[in-house]
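Participant: Got a predicted structure plus its sequence, pasted below:
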Amino acid sequence: MEASNNTTLSRCAELTYNTEDLLVVAIYILIGVSGLFGNVLVIYVILHSPKMKTVTNMYIFNLALSDLIFLLHIAMITTTMIVKQWIFGEAVCKIFFMTNAITVFSSALTLTSLSVDRYIAVCKPVISQKIRQPRKAAIVIMCVWFVSLLLSMPIILYAQRKENSGTYSCQVDWPDPTEIPAYIIYIFILGFAVPFCFISILYTSVIIHMKRAGPANRQRSTEQRKNHRKVTFLVLAIILVYVICWLPYWTFQIIIAVLDLYTASFSLPLFKVTTVLTFANSMINPVLYAFLSENFRQAFKEVFRSRCICRERIRYFLQTGDRNEVELDSTRRPGHVSNQTEAVSNEEDKTEGPQDGQTDNGGVYTGP
């Protein structure tokens, strides 16, 4: 018992925090709460607004879903930072790394699909109506998740909880440590570099095509061309923010893996900063939708407006319900109320006497 108490006290003594850790935890919580709210709102308006059910928005829905799952990891990261160990068990450790890897791949592949969709919509207007259909977009999205799962298999196999001096950690335990750089480069190439190359080529073609007003482009109405520019600019902004937030992370990961700088003094602070940036990307996306898309902005306003209207209606029904309950109660007990009222009326007659213009109600309660 005494040994147990000493162990507990020693662990409590280890739970010391510096300003850097507290700041990182606070930033994580801010990003997590804001990002979860924003992405849930995006998913809600796409599901509940008929005008938002477009092919492009199906990909945005999938991106918001990936961001939502990715942001859920913040709860486990911040808890581990606070208690200084992994407390969620072996199964959750595997789920943590599995969903993390899958969402990394799914986000990159979804952005690639968005770029392909924009390329077809702008550069191939003749076949656009045949190819850009909700059913085909749904098939593409399912393929994105399936491919993401396959690409994540190595990390799923080796993720596990490990014990060291009475504390637990969740990590990827590679059979051979020399495989770590190879796997990081593998994720970088398939989860960032290759999609980014495809996106760059497709968007370069889109921008060139939009600058050249060809015959097919001139046949479109001014409103159609304007809508295409707006959607294209929105998707381009999403991609640019993704690159800005993820490129520092992958650059840092490759440098420390190839040069074996894991024990360097700057490794941990840089890891925290670059990781926070990746989560910030998932928080920023809903903000981009709100500022750069008129349709999303109006849909968000309708959600908040409907919530205010519902709140007012509930308050109104509660108030009117109270009145109706009093009136209903009075009708349910006419004899009791009638006797009380008649007694009060007789008492008033005795004290004050009849007044001019007063009529007899026969002892029936009519309210004040």
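Facilitator: Happy to help now that I have it. Numbering: from 1, shown residues only.
Participant: CA only for contacts and neighbour counts going forward, please
Facilitator: Fine.
Participant: can you list contacts of stretch 38-50?
Facilitator: Identification of contacts with stretch 38-50 by C-alpha atoms under 8 Å, 6 or more residues apart in numbering yields 52-53, 57, 61, 64-65, 67-68, 283, 286-287, 296, 299-300, 303.
Participant: how about those, which pair is most distant?
Facilitator: Taking C-alpha to C-alpha as the measure, the contacts of stretch 38-50 span a maximum distance of 22.3 Å, between 53 and 283.
Participant: Look at the two and report which has more neighbours.
Facilitator: For residue 53 versus residue 283, neighbours defined as other C-alpha atoms under 10 Å are more numerous around residue 283 (25 against 15).
Participant: All the helices of the stretch 51-200 of the chain, residue numbers only.
Facilitator: Residue ranges of the helices in the stretch 51-200 of the chain, as given by DSSP state H, counting those that start in this stretch, are 55-83, 89-123, 125-131, 134-151, 153-158, 179-188, 194-211.
Participant: Turn those into JSON lines, including mean neighbour count.
Facilitator: Listed next are those as JSON lines, based on neighbours: other C-alpha atoms under 10 Å:
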{"stretch": "helix 55-83", "mean neighbour count": "20"}
{"stretch": "helix 89-123", "mean neighbour count": "21"}
{"stretch": "helix 125-131", "mean neighbour count": "13"}
{"stretch": "helix 134-151", "mean neighbour count": "16"}
{"stretch": "helix 153-158", "mean neighbour count": "16"}
{"stretch": "helix 179-188", "mean neighbour count": "16"}
{"stretch": "helix 194-211", "mean neighbour count": "16"}
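Participant: Tabulate these (CSV), appending distance to residue 167 and mean pLDDT.
Facilitator: Below are the helices of the stretch 51-200 of the chain laid out as CSV (distance: least, C-alpha to C-alpha, whole Å; pLDDT from 0 to 100):
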stretch, distance to residue 167, mean pLDDT
helix 55-83, 10, 95
helix 89-123, 12, 93
helix 125-131, 54, 87
helix 134-151, 30, 95
helix 153-158, 19, 87
helix 179-188, 24, 88
helix 194-211, 39, 91
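Participant: can you list these in JSON lines and add distance to residue 254?
Facilitator: Converted to JSON lines, these look like this (distance: least, C-alpha to C-alpha, whole Å):
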{"stretch": "helix 55-83", "distance to residue 254": "21"}
{"stretch": "helix 89-123", "distance to residue 254": "16"}
{"stretch": "helix 125-131", "distance to residue 254": "38"}
{"stretch": "helix 134-151", "distance to residue 254": "18"}
{"stretch": "helix 153-158", "distance to residue 254": "17"}
{"stretch": "helix 179-188", "distance to residue 254": "7"}
{"stretch": "helix 194-211", "distance to residue 254": "16"}
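Participant: among those, which is nearest residue 242?
Facilitator: Here helix 89-123 is closest among those (C-alpha to C-alpha), at 8.8 Å.
Participant: could you give the angle of the closest one to helix 179-188?
Facilitator: With axes from the mean of the first three to the mean of the last three C-alpha atoms, to 10 degrees defining the directions, helix 89-123 sits at 30 degrees from helix 179-188.
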